[in-house]
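Peer 1: here is my input; please provide its structure:
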Amino acid sequence: MPDKTFSTLAASPSNSTLAGAPKAAAAGTPKPGWREVWQVYSEAATLRMLLLGFSAGLPLLLVFGTLSFWLREAGIDRTTIGYLSWVGLAYGFKWVWAPLVDRLPIPLLTRWLGRRRSWLLLSQATIITALVCMALTDPKLALLPVVWCALAVAFGSATQDIALDAYRIESADIKRQAALAAAYQTGYRIAMIWAGAGALWIAARAEIVGVSSYQHGAWQTAYLVMAASMMLGVVTVLCSPEPQRRELPPSKNAAEWFRGALVDPFADFLRRYGKQALLILALIAIYRISDVVMGIMANPFYVDMGYSKDEVATVTKIYGVIMTLVGAFVGGGLAMRFGVMKVLMLGAILSAGSNLLFAWLGTRGHDVTSLIFVISADNLSSGIASAAFIAYLSSLTNVNYSATQYALFSSMMLLLPKALAGYSGRYVDAFGYSNFFTATALLGLPVLLLVWLASRTKTADVQ
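Peer 2: From the prediction side, this is the model:
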């Protein structure tokens, strides 16, 4: 399924260290050999991130793409489906409660598991509970309860992202962040394929043969299976080590705690990057805009083009998985070898270009071969772009404020795209799918300019 889900910018000289590790290698440092590049993927921390990436990626499509397929099949109009994508704004505002995740202990649980793992476990429990409630509600009979359940899933998922991003950044030095990002992204996208193609496949298998009308029971089965699939993340958290504990200075009063939790992380970023911070934040804010805006209408597009749940699930499950793995690992390897800035530019070009392929697909009618080609190209481009972008965001983060700063960056990454995506249904109703996909590709043009400008700044680690 489309998840239209980086040259590393090293920090300017400061008293802090990025990602809990030494600063990025200075210019002239020998590049790692290909054997060293690929060997990092067999390390325990990388394999652990693959499983935790699965836990992070599973909820996303269940409140976006898969949900939109379900709602469209239940007879909900496209405009309403577009507006419901604003559930995803929970991801855009996660920086608001990120300081709590970064600093606030959970009674009993934190003492047992540590700060990062306790928040991971709590957020996973929230997701599982909300998915079960979602499965038991029929949107055709009552849409509002489904919306509230989807909001709970999104909130739990956003909280899990906050804790997991901090866990990843604190688990390895900056040299390995691209590899961790690639493993995380691979697990993330495999989960999205399971939550997309897998959910559609399960729903299709659960349908009563001979009944052509909408069947809520089939979707109920699919969402209950998805809730059970979250247990992989729960088990991984329970079996994983807590990163080395970072002692926080005691706060004398509430005002001092507030300043340390909320003000200092943002002030630190501005202090390290100065005027270049605005360029960096602008790039973060729109890098994924063409992917995110397009992705909301992908599943309604499949339904309206006459593709069955089985066809979409099969194509995505086979070709999507293969191209996702290739894209993520190639993106991570290229980032380590040549620097993430060049891969960030490549990913931006490929992501916008794959949207044009969807415009072309709209002219083909019910053509499964063309669907295979387009989904394969989309997953390859997204895998390359996402691996580089995650490494880029990680490189900007100060370990002293890892959860809060990364939450700010990843929130900005989704805030504008998700807000704009809410109008995607109205645009399709007014101008059609082909014009919509072409327009989303054009949204990627400013991204190319910002990546080019960022590559020319003095903070760019690799040209």
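Peer 1: the strand or helix carrying residue 131 packs against which elements?
Peer 2: Per DSSP states H and E: residue 131 is located in helix 115-135. On a contact count with 3 or more CB pairs under 8 Å, 6 or more residues apart in numbering; DSSP states H and E, helix 115-135 meets helix 44-62, helix 109-113, helix 143-170, helix 216-229, helix 231-239. (C-beta placed from N, C-alpha, C; glycine too.)
Peer 1: buried stuff in that helix?
Peer 2: Under the neighbour-count criterion of 16 or more other CB atoms under 10 Å, helix 115-135 has 115-124, 126-135 buried.
Peer 1: picking that back up, nearest to residue 439, out of the helices and strands packed on helix 115-135?
Peer 2: helix 44-62 (22.8 Å; CB to CB).
Peer 1: next structured bit after the closest one?
Peer 2: Once helix 44-62 ends, the next helix or strand along the chain (criterion: DSSP H and E) is helix 65-73.
Peer 1: between that next one and helix 44-62, how many degrees?
Peer 2: Counting by axes from the mean of the first three to the mean of the last three CA atoms, to 10 degrees, helix 65-73 lies at 20 degrees to helix 44-62.
Peer 1: contacts for helix 65-73?
Peer 2: 1-2, 61, 78, 80-81, 84-85, 139, 146, 150, 195-196, 199-200, 203, 214, 219, 222, 295-300, 302-304, 309, 312 (CB atoms under 8 Å, 6 or more residues apart in numbering).
Peer 1: ok, back up a step: of all the helices and strands packed on helix 115-135, which lies closest to residue 265?
Peer 2: Of the helices and strands packed on helix 115-135, nearest to residue 265 by CB to CB is helix 143-170, at 11.5 Å.
Peer 1: and the closest one, what's buried?
Peer 2: Judged by neighbour count (16+ other CB under 10 Å), helix 143-170 contains these buried residues: 146-147, 149-170.
Peer 1: summarise which helices and strands that helix is packed against.
Peer 2: helix 44-62, helix 78-84, helix 89-92, helix 98-103, helix 115-135, helix 177-193, helix 368-395, helix 402-421.
Peer 1: and residue 142, how many residues sit next to it?
Peer 2: Residue 142 sits with 10 neighbouring residues when counted by other CB atoms under 10 Å.
Peer 1: got phi/psi on it?
Peer 2: When read as degrees, to the nearest 10, the backbone of residue 142 gives phi -150, psi 110.
Peer 1: what's the spacing between it and residue 136?
Peer 2: Counting by CB to CB, to the nearest Å, the gap from residue 142 to residue 136 is 11 Å.
Peer 1: residue ranges with poor pLDDT in the chain?
Peer 2: Scanning the chain for pLDDT under 70 picks out 1-43, 172-178, 212, 245-254, 257, 261-262, 317, 399-400, 402-403, 458-463.
Peer 1: dump the residue contacts of residue 373.
Peer 2: Neighbouring residues of residue 373 by CB under 8 Å, 6+ apart: residue 357.
Peer 1: ok, so what distance separates the residue lying closest to residue 237 once chain neighbours are set aside from residue 234?
Peer 2: With sequence-adjacent residues excluded and distances taken as CB to CB, 6 or more residues apart in numbering, residue 237 is closest to residue 120, at 4.8 Å. According to CB to CB, residue 120 and residue 234 sit 9 Å apart.
Peer 1: can you check residue 434 too?
Peer 2: Counting by CB to CB, the separation of residue 434 from residue 234 is 43 Å.
Peer 1: burial count for the nearest residue to residue 422 once chain neighbours are set aside?
Peer 2: Nearest residue to residue 422 in three dimensions, chain neighbours excluded: residue 86, at 4.7 Å (CB to CB, 6+ apart). Using other CB under 10 Å, residue 86 is surrounded by 17 other residues.
Peer 1: residue 98 is in contact with residue 407, correct?
Peer 2: Yes: between residue 407 and residue 98 a contact is recorded at 3.4 Å, counting by CB atoms under 8 Å.
Peer 1: what do the two both touch?
Peer 2: residue 162.
Peer 1: distance-wise, check residue 170 relative to residue 406.
Peer 2: Residue 170 sits 11 Å away from residue 406, going by CB to CB.
Peer 1: burial measure for residue 104, as a count.
Peer 2: By other CB under 10 Å, 13 other residues sit near residue 104.
Peer 1: need the nearest residue in space to residue 455, chain neighbours excluded.
Peer 2: Excluding its sequence neighbours, the residue lying closest to residue 455 (CB to CB, 6+ apart) is residue 341, at 4.6 Å.
Peer 1: residue 61 now?
Peer 2: residue 195 (4.3 Å).
Peer 1: likewise for residue 450?
Peer 2: Nearest non-adjacent residue to residue 450, counting by CB to CB, 6+ apart: residue 283, 4.3 Å away.
Peer 1: what do you get for residue 371?
Peer 2: Spatially, and ignoring its direct neighbours in sequence, residue 371 is nearest to residue 315 (5.4 Å; CB to CB, 6+ apart).
Peer 1: tell me which helix or strand the one you found sits in.
Peer 2: Per DSSP H and E, residue 315 falls inside helix 309-315.
Peer 1: doesn't residue 321 make contact with residue 190?
Peer 2: Yes: Residue 190 is in contact with residue 321 according to CB under 8 Å; the separation is 6.5 Å.
Peer 1: so which of the two has more stuff around it?
Peer 2: residue 190 (21 against 17).
Peer 1: returning to that earlier point: so how far is residue 160 from the residue nearest to residue 422?
Peer 2: Taking CB to CB, one finds residue 86 at 20 Å from residue 160.
Peer 1: next one: residue 180
Peer 2: Going from residue 180 to residue 160 by CB to CB gives 17 Å.
Peer 1: do residue 217 as well
Peer 2: Distance of residue 217 to residue 160, computed by CB to CB: 29 Å.
Peer 1: count the residues that sit near residue 62.
Peer 2: For residue 62, the neighbour count with other CB under 10 Å is 28.
Peer 1: can you pull the contacts of the closest residue to it other than its chain neighbours?
Peer 2: Leaving out its chain neighbours, the residue that sits closest to residue 62 by CB to CB, 6+ apart is residue 195, at 5.2 Å. Taking CB under 8 Å, 6+ apart as the contact definition, residue 195 lies against 57-62, 66, 226, 229.
Peer 1: before I go, just wanted to say thanks for your time.
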